[in-house]
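J.: 3D model of this:
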Amino acid sequence: MRITKLLLPSFATLLVVLMGSCQKNLDSSSSSAKPTSLPLALQSDAVLQFQPIVNLGVAGNFVILSKSGITDVYKSVITGDVGTSPITGAAIGVRCTEVIGAIYSVNAAGPLPCRITNASRLTTAVSNMQTAYTDAAGRSHPNYFNLGAGNIGGRTLKSGLYKWTGSVNIPTNITLSGTSTDVWIFQIAGTLTMSSAVRITLSGGAKARNIFWQTAGAVTLGTTSHFEGIILSQTAINLRTGATINGRLLAQTAVTLQKNTVTRSL
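T.: Residues are numbered from 1 along each chain as shown. Now for the predicted structure:
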């Protein structure tokens, strides 16, 4: 009896130790069985890497494509093909001396001698432009939502899907940083406005051909500003005096130029 009383405390202590050890092993096993999750920033980077481009189709062959006309204050310098449809070639306000490329028209009207009449090509291009707009606007699960409440001045933007439920302003210089295969898609429910003398700079090998600005509202690029990327606008695209762009102007209404340099990105 005396021996039993002496052994009980030791047995109890041993039992507690053994139970604690088993619990640790269970916790460890349970922890290792759980799927590991990357930090949010790394998850975002993984998504950004695989954002597919927006297919422009035949619209990608144009540097300026408009449904309701192009106005121009001479002299602009335009590198790439220009076209309007369904409005007639009479609504094309640029001259052949401003265009390094061809000017496509749906009819015999339009600038000579560089005008090419090809209504079917233009119909396809406009249809592809609208499909590209719908594609860009329909991308889901944005990596960035309402960044800066619409003011993105002074920022360096990594590749990915950006979404704003209102307008976007670029009051100061911004940089788009990424590789030559990275893709940027900017979904803008309102207008896009870039202030005068502001620049977009590409770094790390980023290409303007992989940057898509989808805007439901009008786009305005301020005096002597410089823009990078493909603009897919449901309404007008307006370039103020001396503004330049490396990309494309694809508008479902009008394009307005004032002594601008517009270069199709390759």
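J.: contacts, neighbours, all on C-alpha from now
T.: OK.
J.: which residues does Arg121 contact?
T.: Contact partners of Arg121, counting by Cα atoms under 8 Å, 6 or more residues apart in numbering, are Val58.
J.: wait, a strand at it?
T.: No - assigned with DSSP: H, G, I helix; E, B strand; the rest coil, Arg121 falls outside any strand and is helix.
J.: state the pLDDT value of it.
T.: You'll see Arg121 listed with a pLDDT of 98.
J.: how close does it get to Leu112?
T.: 19 Å (Cα to Cα, to the nearest Å).
J.: excluding residues flanking it in the chain, which one is nearest Lys158?
T.: Ser177 (5.3 Å; Cα to Cα, 6 or more residues apart in numbering).
J.: quick one, what contacts the one you found?
T.: The contact partners of Ser177, by Cα under 8 Å, 6+ apart, come to 156-159, 202-206.
J.: what's across from it in the sheet?
T.: Lys158, Ser203 (DSSP bridges).
J.: same deal with Ser66?
T.: Taking DSSP bridges as the rule, Ser66 bridges to Thr84, Ala251.
J.: assign a three-state SS to Pro60, would you?
T.: One correction, residue 60 is Gly, not Pro. Per three-state DSSP, Gly60 ends up helix.
J.: Val54 against Gln130, yeah?
T.: No - between Val54 and Gln130 there is no contact under Cα atoms under 8 Å: 11.4 Å.
J.: can you list the weak-confidence ranges in this structure?
T.: Along the chain, segments meeting pLDDT under 70 span 1-50.
J.: weed out the non-buried ones from the contacts of Ser177.
T.: Among those, those scoring as buried are 156, 158-159, 202, 206 (criterion: 16 or more other Cα atoms under 10 Å).
J.: checking my notes, Thr124 in a helix, right?
T.: Yes - counting by three-state DSSP, one finds Thr124 located in a helix.
J.: mind listing what the closest residue to it other than its chain neighbours touches?
T.: Nearest in space to Thr124, with sequence neighbours left out and distances taken as Cα to Cα, 6+ apart, is Val58 at 6.7 Å. Going by Cα under 8 Å, 6+ apart, Val58 touches 121, 124-125, 128.
J.: gap between Val58 and Asp182?
T.: In terms of Cα to Cα, Val58 sits 22 Å off from Asp182.
J.: Thr220 and Leu239 touch, don't they?
T.: Yes - counting by Cα under 8 Å, Leu239 is a contact partner of Thr220 at 5.9 Å.
J.: quick one, which of those two is more surrounded?
T.: Between Thr220 and Leu239, counting by other Cα atoms under 10 Å, Leu239 is the more crowded of the two (26 against 20).
J.: that one and Val73, how far apart?
T.: Distance from Leu239 to Val73, counting by Cα to Cα: 10 Å.
J.: could you do Ala149 as well?
T.: 34 Å.
J.: assign a three-state SS to the residue positioned nearest the centre of the chain, would you?
T.: In the chain, the centroid-proximal residue (Cα atoms, centre = their mean) is Ile185; its distance is 2.3 Å. Classification of Ile185 by three-state DSSP places it in strand.
J.: isn't it right up against Trp164?
T.: No - Ile185 is beyond contact range of Trp164, at 11.3 Å (criterion: Cα under 8 Å).
J.: please save the CA atoms from stretch 227-241 in CSV.
T.: This file holds the C-alpha atoms of stretch 227-241, laid out as CSV (Å, rounded to 0.1, in the frame of the first residue of the first chain):
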residue,chain,number,x,y,z
PHE,A,227,1.7,58.3,-73.1
GLU,A,228,2.5,54.6,-73.4
GLY,A,229,0.0,51.8,-74.3
ILE,A,230,-3.0,50.9,-76.3
ILE,A,231,-6.1,53.0,-75.6
LEU,A,232,-9.5,51.2,-76.0
SER,A,233,-12.1,53.9,-75.5
GLN,A,234,-15.8,53.6,-75.7
THR,A,235,-16.0,57.3,-76.4
ALA,A,236,-13.5,60.0,-77.6
ILE,A,237,-9.8,60.2,-77.5
ASN,A,238,-8.4,63.8,-77.4
LEU,A,239,-4.8,64.7,-77.7
ARG,A,240,-3.9,68.3,-76.8
THR,A,241,-1.1,70.3,-78.6
